[in-house]
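[1] sequence unavailable; structure follows:
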């Protein structure tokens, strides 16, 4: 049940890009909201990791391998803020949606272990979900053919980040951090080429 709760919390991150996509907030407000959330979760992680305060919510929403490392929810906001400040609105919002919608679906279908490779079918589902999430955002911005190519590139970037978890200095680069910048970067490269 904890895993399902983690996935549902993950989906709540959709509120940030969703508010922008629905014209509830401006892009500036979207970026500031993500930045404010990052500051809050950084504070929570400081309290958890440095001060050592443990609350039952941490037990419910963090995995065993996150006990002594930055938790996925903080990495979610770090990767999202990075994408929001690196890329134009359409690409950044699509990239954050790929994380907030695609990753929990992939997680429910596949392994919850950050170091395990996911099955090809799970990666195919991740690609499809990310493509479908990006398409309504990129089609109006880039046109039909170009929009499809941009959505494919973003979905490939997100799927790669979901499926490949490099280890740097003994630390697994979590897909909560890597999905938005890789998806946004892949779309940005394609936009530059088009």
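    Nice, I can see it. Just so you know, these numbers come straight off a predicted model, no measurement behind them. Numbers count the residues shown, from 1 in each chain.

[2] quick one: residue 25 is in a helix?
    No - judged by DSSP: H, G, I helix; E, B strand; the rest coil, residue 25 forms no part of a helix; its state is coil.

[3] residues in contact with it?
    19, 33 (Cβ atoms under 8 Å, 6 or more residues apart in numbering). For the C-beta atoms, the positions are set from N, CA and C on the backbone; glycine is no exception.

[4] for the protein, which helix is longest?
    Counting by DSSP state H, the longest helix found in the chain is helix 120-142.

[5] give me the buried positions along the following helix or strand past that one.
    Per DSSP states H and E, helix 120-142 leads on to helix 144-163 as the next helix or strand towards the C-terminus. Taking 16 or more other Cβ atoms under 10 Å as the neighbour-count basis, helix 144-163 is seen to contain the buried residues 147-163.

[6] list the helices and strands helix 144-163 packs on?
    Packed against helix 144-163, as judged by 3 or more Cβ pairs under 8 Å, 6 or more residues apart in numbering; DSSP states H and E, are the following elements: helix 89-97, helix 103-109, helix 120-142, helix 175-193.

[7] 6 Å - rerun?
    Secondary-structure packing of helix 144-163 (3 or more Cβ pairs under 6 Å, 6 or more residues apart in numbering; DSSP states H and E): helix 120-142, helix 175-193.

[8] looking at those helices, which is buried most?
    For the helices and strands packed on helix 144-163, average neighbour numbers computed from mean count of other Cβ atoms under 10 Å are highest in helix 175-193, which has a mean of 23.

[9] who's in contact with that helix?
    72, 75-76, 78-80, 82-83, 87, 91-92, 95-96, 98-99, 149-150, 153-154, 156-158, 161-162 (Cβ atoms under 6 Å, 6 or more residues apart in numbering).

[10] alright, that wraps it up for me.
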